[in-house]
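*Asks:* fold the following, please.
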Amino acid sequence: MPGPPPGAVRPAYSMGGGTDGEGTGHPAVDAVLRSLANAARLAPAEQIAEFEAAHQVLQDTLASIDR
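*Replies:* Numbers count the residues shown, from 1 in each chain. Sure thing, here's the model as predicted:
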């Protein structure tokens with residue numbers, strides 16, 4: 001896969017859940033990050049459902065955290 005375009009800002013975090021064994025430590029979040037990485041390969045119109053599903057999982061995950 002080609003690298004980022006020249007001048008692109010790279011995130012200071014790992015996408016997690018990849019084959020490198022690194023992740024966030026939360027399986028649901030790691031799964032969302034993998035799904036977003038996979039969504040990047042889809043046509044823009046098909047990405048919408050993936051983004052909406054990821055958003056819902058992240059909202060549910062945050063709501064379940066004990067404060």
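
*Asks:* shaky segments in this protein?
*Replies:* 1-21, 67 (pLDDT under 70).

*Asks:* all strands of it, in order?
*Replies:* Shown for the chain, no strands are assigned by DSSP state E.

*Asks:* next, count neighbours for residue 32.
*Replies:* Residue neighbour count, defined by other C-beta atoms under 10 Å, stands at 22 for residue 32. In this view, the C-beta of every residue, glycine as well, is placed from N, C-alpha and C.

*Asks:* for residue 49, same thing?
*Replies:* Neighbour count for residue 49, taken as other C-beta under 10 Å: 11.

*Asks:* cool, and residue 62?
*Replies:* 9.

*Asks:* tell me which residues in the longest helix seen in the chain are buried?
*Replies:* When the chain is parsed with DSSP state H, its longest helix is helix 44-63. Residues 50, 54 are the ones in helix 44-63 that count as buried (16 or more other C-beta atoms under 10 Å).

*Asks:* what comes into contact with it?
*Replies:* Applying C-beta atoms under 8 Å, 6 or more residues apart in numbering, the external contacts of helix 44-63 come out as 26, 28-29, 31-32, 35-36, 38-40, 42.

*Asks:* any quick ChimeraX command for the buried ones out of those residues?
*Replies:* Buried members of those can be picked out in ChimeraX with the line below, counting by 16+ other C-beta under 10 Å:
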select :29,32,39
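
*Asks:* can you flag which of the contacts of helix 44-63 belong to helices?
*Replies:* 28-29, 31-32, 35-36, 38-39.

*Asks:* any idea how far the closest residue to residue 40 other than its chain neighbours is from residue 31?
*Replies:* Leaving out its chain neighbours, the residue that sits closest to residue 40 by C-beta to C-beta, 6 or more residues apart in numbering is residue 47, at 7.7 Å. Separation of residue 47 from residue 31 (C-beta to C-beta, to the nearest Å) stands at 17 Å.
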